[in-house]
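Participant: what's the 3D shape of this:
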Amino acid sequence: MASVMAVLIFVTVALVVFTFGAAALAPTSVLGSRLRALGWQRPQSQQKPAIRERLEHALDPLSKALPLSATEVSKTRAWLIQAGYREARHLTYYSGSRILLALVGLAGVVASGSGFDSPMLLLGVPALGFFIPRFALKRMIKNRQQRIRLALPDALDLTVICVEVGLALDQAMMRVGEDLQHAHPDLSDEFHLVNLEMRAGKPRAEALRNLTVRTGVDDVRSLVATLVQTDRFGTSVAQALRIHSDSLRTERRQRAEERAAKTTIKMVPPLVVFVLPSIIFVTLGPAVIQLIRTLMPGGAVTGR
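Facilitator: Numbers count the residues shown, from 1 in each chain. Coordinates of the predicted model:
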């Protein structure tokens, strides 16, 4: 009997403790909120802002110091989107970095003391720092377009396979985007955005045209034109994609042949600047030295 009473008392105490703890620690509990208000729980320390947020706060005044019209802002955002930077804070980073590099260049010239003697240096170094982010952005756009251009044939082959097995074009693009996520992440992201826009209610033609604007690649533009015409006239999507894939491979082969033909022309300046002078010095050098020894006064005596 005593053991049964002990077990009952233990179970009762355990249930009371568990119930009180659950009521106190539950986020929606009134008892827990009252106990936290009384101060039994220490307030959580505020997390420090991330480096990205601090950088944004630091560059925001600098970005506003650069007066930009609505057309320039729209053009800059289009460039950033083509480079793969779609968030609004990236415009702040870009504009603020231009002003920051210009100020750093101006401060460097003034600190060195050479800017007061050379006004061109005083203006040239800040201007160089101001235009460096634009050069870097153009380079990133070019590299990303090249990656998308190289990934497009694989995407077309996979799309043709998906359409031939019975998938719709939207589902085929979504599947291709998932398959190319690791091999070609840039094109995979663009296909994912196209699917998101179509899910949000945009017509397929408009979503595909937005793909052309975001990438700025001529091959993608021709692909979008082919898909829009196919959707408008109701022709076979698989056949249109197969024909476009063949024409795209032909264009790539012709582009490679064109670059190979330009190689001989591009090799002429290095040959003239670096190789030809060395050949001239090696072949004509001894003859010139012998001619100088012969024609100079006392050359015959020196030669003997």
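
Participant: which stretches of the stretch 151-300 of the chain form helices?
Facilitator: 169-179, 185-199, 204-215, 218-233, 237-266, 268-270, 276-295, 299-303 (DSSP state H, counting those that start in this stretch).

Participant: what mean pLDDT does the last one have?
Facilitator: Pointing back at helix 299-303 there. The average pLDDT within helix 299-303 is 47.

Participant: low pLDDT regions in the stretch 201-304 of the chain?
Facilitator: 297-304 (pLDDT under 70).

Participant: same deal with the stretch 51-200 of the chain?
Facilitator: Using pLDDT under 70, the stretch 51-200 of the chain drops low at 62, 115-116.

Participant: Adding mean neighbour count and distance to Glu56, write the helices of the stretch 151-300 of the chain out as CSV.
Facilitator: C-beta here means a position set from N, CA and C on the backbone, and glycine is covered the same way. Conversion of those to CSV gives the following (neighbours: other CB atoms under 10 Å; distance: least, CB to CB, whole Å):
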stretch, mean neighbour count, distance to Glu56
helix 169-179, 19, 30
helix 185-199, 18, 22
helix 204-215, 18, 23
helix 218-233, 16, 31
helix 237-266, 13, 40
helix 268-270, 10, 45
helix 276-295, 10, 53
helix 299-303, 10, 77
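
Participant: Looking at the ones you listed, spot the one closest to Gly84.
Facilitator: Closest to Gly84 of the helices of the stretch 151-300 of the chain is helix 185-199 (CB to CB; 6.7 Å).

Participant: Can you check what angle separates the closest one from helix 218-233?
Facilitator: Using axes from the mean of the first three to the mean of the last three CA atoms, to 10 degrees, the inter-axis angle of helix 185-199 relative to helix 218-233 is 30 degrees.

Participant: For helix 185-199, which helices and strands make contact with it?
Facilitator: Using 3 or more CB pairs under 8 Å, 6 or more residues apart in numbering; DSSP states H and E, the elements in contact with helix 185-199 are helix 119-164, helix 169-179, helix 204-215.

Participant: For Leu66, which three-state class applies?
Facilitator: coil (DSSP: H, G, I helix; E, B strand; the rest coil).

Participant: and the gap between the spatially closest residue to Leu152 that is not a sequence neighbour and Gly166?
Facilitator: Nearest residue to Leu152 in three dimensions, chain neighbours excluded: Asp219, at 5.3 Å (CB to CB, 6 or more residues apart in numbering). Asp219 sits 27 Å away from Gly166, going by CB to CB, to the nearest Å.

Participant: Also Arg259?
Facilitator: Counting by CB to CB - Arg259 and Gly166 are separated by 40 Å.

Participant: Contact partners for the nearest residue to Leu241 once chain neighbours are set aside?
Facilitator: Excluding its sequence neighbours, the residue lying closest to Leu241 (CB to CB, 6+ apart) is Val160, at 4.9 Å. Neighbour list for Val160: 238, 241-242, 245 [criterion: CB atoms under 8 Å, 6 or more residues apart in numbering].

Participant: picking that back up, quick one: the residue nearest to Leu152 and Ala151 touch, right?
Facilitator: No. The criterion here is CB atoms under 8 Å, and Asp219 misses it with Ala151 at 10.1 Å.

Participant: before we move on, the earlier item: mind putting the helices and strands packed on helix 185-199 in CSV, distance to Arg77 included?
Facilitator: Output for those, formatted as CSV (distance: least, CB to CB, whole Å):
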stretch, distance to Arg77
helix 119-164, 12
helix 169-179, 23
helix 204-215, 11
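
Participant: Just the closest of the contacts of Val160 to Arg134, please.
Facilitator: Ranked by distance to Arg134 (CB to CB), these are led by Ser245 at 35.5 Å.

Participant: Now the closest one. Nearest residue, chain neighbours left out?
Facilitator: Nearest residue to Ser245, sequence neighbours excluded (CB to CB, 6+ apart): Leu156, at 4.3 Å.

Participant: I'd guessed the one you found sits against Leu241; true?
Facilitator: Yes. Counting by CB under 8 Å, Leu156 touches Leu241, with 5.9 Å between them.

Participant: and Gly216, backbone torsions?
Facilitator: Here the main-chain torsion angles of Gly216 (degrees, to the nearest 10) amount to phi 70, psi 20.

Participant: so what's it closest to, chain neighbours aside?
Facilitator: Gln82 (4.8 Å).
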